[in-house]
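[1] Sequence first, predicted coordinates after that:
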Amino acid sequence: MNRLVDRFGRTGFAALSSLIWALPMAAWAGSADLSPIDKTAYPWIALAIGVVMLVVWLVLLTRLSRVRVAPRQRRLDLGQMSREEKRWNIAGFAFVCGLIAWLNAAATVDWAPLLAAVAAGRLGPSILGAGLLLFLVAMLAGAWISWRRSSAAFRHRIGAQARP
């Protein structure tokens, strides 16, 4: 844990470690959608795992302030970020959330009716399918551009720190 906190900073470690509870909660949400229909998903198991991992994450966060951190520039430390870095990181976060929402929806939806309607040449479902693909491409491109701009802002901050 000390090495990870030293590498990412306290803020970055807290954000990255939140995945230990966020992913089981996303699985719970998806399985809760499917459970009433096919009776094969067990949403309460995923929810229990997510709640237990949320408690583990909260315990990790309480211990975080006691970890010693070497003074240096870190990519994901909110206290050190420039305004531009914060802006691009927030944009990247929004695009990644949109991508996760799209993937969660794609995993919990039966695509057969839409694909059959598109194959039959129906206009409305074809427009919906094109919109869904456009949304996916926009989320991927937005996440990629945001990461590149955030990286450039970080390099600029490091370069400014190196110059006297």
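    Nice, thanks for sending it over.
[2] Please make it C-alpha for all contacts and neighbour counts, starting now.
    Fine.
[3] Can you give me the domain assignment for the protein?
    Partitioning the chain according to automatic domain parsing yields domains covering residues 1-79, 81-164.
[4] Now those in CSV, please, with extra columns for mean neighbour count.
    Below are the domains of the chain laid out as CSV (neighbours: other Cα atoms under 10 Å):
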stretch, mean neighbour count
domain 1-79, 16
domain 81-164, 15
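[5] Compare those and say which comes out lowest on pLDDT.
    With a mean of 70, domain 1-79 has the lowest mean pLDDT of the domains of the chain.
[6] Off-centre distance for the top helix by length along the chain?
    Using DSSP state H to define each element, the chain has its longest helix at helix 123-162. When distances are taken as Cα atoms, centre = their mean, to the nearest Å, helix 123-162 is centred 13 Å away from the chain's centroid.
[7] cool, and stretch 52-71?
    20 Å.
[8] What is the longest helix of the chain packed up against?
    Judged by 3 or more Cα pairs under 8 Å, 6 or more residues apart in numbering; DSSP states H and E, helix 123-162 is in contact with helix 83-108, helix 112-119.
[9] Select, out of these, the one closest to residue 151.
    helix 83-108 (7.9 Å; Cα to Cα).
[10] how about the nearest residue to residue 89, chain neighbours excluded?
    residue 150 (6.1 Å; Cα to Cα, 6 or more residues apart in numbering).
[11] what sits against the one you found?
    84, 85, 86, 88, 89 (Cα atoms under 8 Å, 6 or more residues apart in numbering).
[12] go again using 10 Å as the cut-off
    Residue 150 makes contacts with 75, 81-82, 84-92, 144, 156, as judged by Cα atoms under 10 Å, 6 or more residues apart in numbering.
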